[in-house]
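Novice: next come a sequence and a model predicted from it.
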Amino acid sequence: MTGKHSAGILVFRGDEVLLGHMGGPFWSRRDVGGWSVPKGEYDPDEEPEAAARREFAEELGVAAPTGELVALGSARQSGGKVVTVWAVEGDLDPERVVPGTFTMEWPRGSGRFREFPELDRVAWFDLDRAREKILAGQRVFLDRLAERLA
């Protein structure tokens with residue numbers, strides 16, 4: 001495995017999916033294209049499915065719903081990262097989410113480090129609305145889920 005790899009879990013209920021809005025200053029004013037499948041990077045020695053479950057829990061502060069994971073495959077993002085996603089049917093109250101955090105220098109070059117949430121909010125969207133909100137490189141996962149549900 002070369003390059004960066006991420007794995008995530010897309011929760012769905014009926015024709016709705018749960019997306020997270022990316023945290024941090026770059027994404028704070030961006031709505032369209034600022035939402036993502038809860039996911040994160042993993043090391044070459046970690047199984048992608050295990051990484052997806054771990055990252056879901058780290059990003060949302062709750063475990064992914066139990067249930068059969070449906071493989072939605074992988075897709076290369078514009079920056080070169082390969083993202084692998086599974087879907088699972090379930091329900092999750094966005095109010096229960098306690099996002100993990102990351103630290104970065106902000107403003108850049110200031111020498112000051114601040115903590116930001118991995119995801120600053122999560123919400124349910126029907127598939128059409130989700131296609132508008134999600135990062136362009138992740139729309140393929142919504143399409144693959146829609147095919148599976150059809």
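Specialist: Sure, I can see it.
Novice: and His21, what does it touch?
Specialist: By CB atoms under 8 Å, 6 or more residues apart in numbering, the contact set of His21 is 27, 31, 34-36, 119-123. Every C-beta, even on glycine, is put in place using the N, C-alpha and C of the backbone.
Novice: which residue packs closest to it, ignoring adjacent ones?
Specialist: Excluding the flanking residues, the one nearest His21 by CB to CB, 6 or more residues apart in numbering is Arg121, at 4.8 Å.
Novice: looking at the closest residue to Lys4 other than its chain neighbours now. What's its pLDDT?
Specialist: Leaving aside its chain neighbours, Lys4 sits nearest to Lys81 (4.4 Å; criterion: CB to CB, 6+ apart). On pLDDT, Lys81 comes in at 94.
Novice: could I get the phi/psi values of Lys81?
Specialist: phi -70, psi 140 (degrees, to the nearest 10).
Novice: now the closest residue in space to Trp106 that isn't next to it in sequence: which helix or strand?
Specialist: Residue nearest to Trp106 in three dimensions, not counting chain neighbours: Arg114, with 4.8 Å by CB to CB, 6+ apart. Using DSSP states H and E, the element containing Arg114 is strand 113-117.
Novice: okay but Pro48 is in contact with Ala7, surely?
Specialist: Yes: counting by CB atoms under 8 Å, Pro48 does reach Ala7; the two are 4.3 Å apart.
Novice: could you pull out the residues contacting both of the two?
Specialist: Taking CB under 8 Å, 6+ apart as the criterion, Pro48 and Ala7 both touch 42, 84.
Novice: which parts of this structure are strands?
Specialist: 5-13, 16-22, 35-36, 39-41, 70-76, 82-89, 101-105, 113-117, 119-126 (DSSP state E).
Novice: nearest to Leu135, out of those strands?
Specialist: The closest of the strands of the chain to Leu135 is strand 35-36. By CB to CB, the value is 5.6 Å.
Novice: neighbour count: Pro48 and Ala7, which is higher?
Specialist: Higher neighbour count among Pro48 and Ala7: Ala7, with 26 against 20, using other CB atoms under 10 Å.
Novice: now tabulate the strands of the chain in a markdown table and tack on distance to Leu135.
Specialist: Below are these laid out as a markdown table (distance: least, CB to CB, whole Å):
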| stretch | distance to Leu135 |
| --- | --- |
| strand 5-13 | 11 |
| strand 16-22 | 8 |
| strand 35-36 | 6 |
| strand 39-41 | 10 |
| strand 70-76 | 10 |
| strand 82-89 | 9 |
| strand 101-105 | 17 |
| strand 113-117 | 17 |
| strand 119-126 | 13 |
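Novice: kind regards, and thank you for your time.
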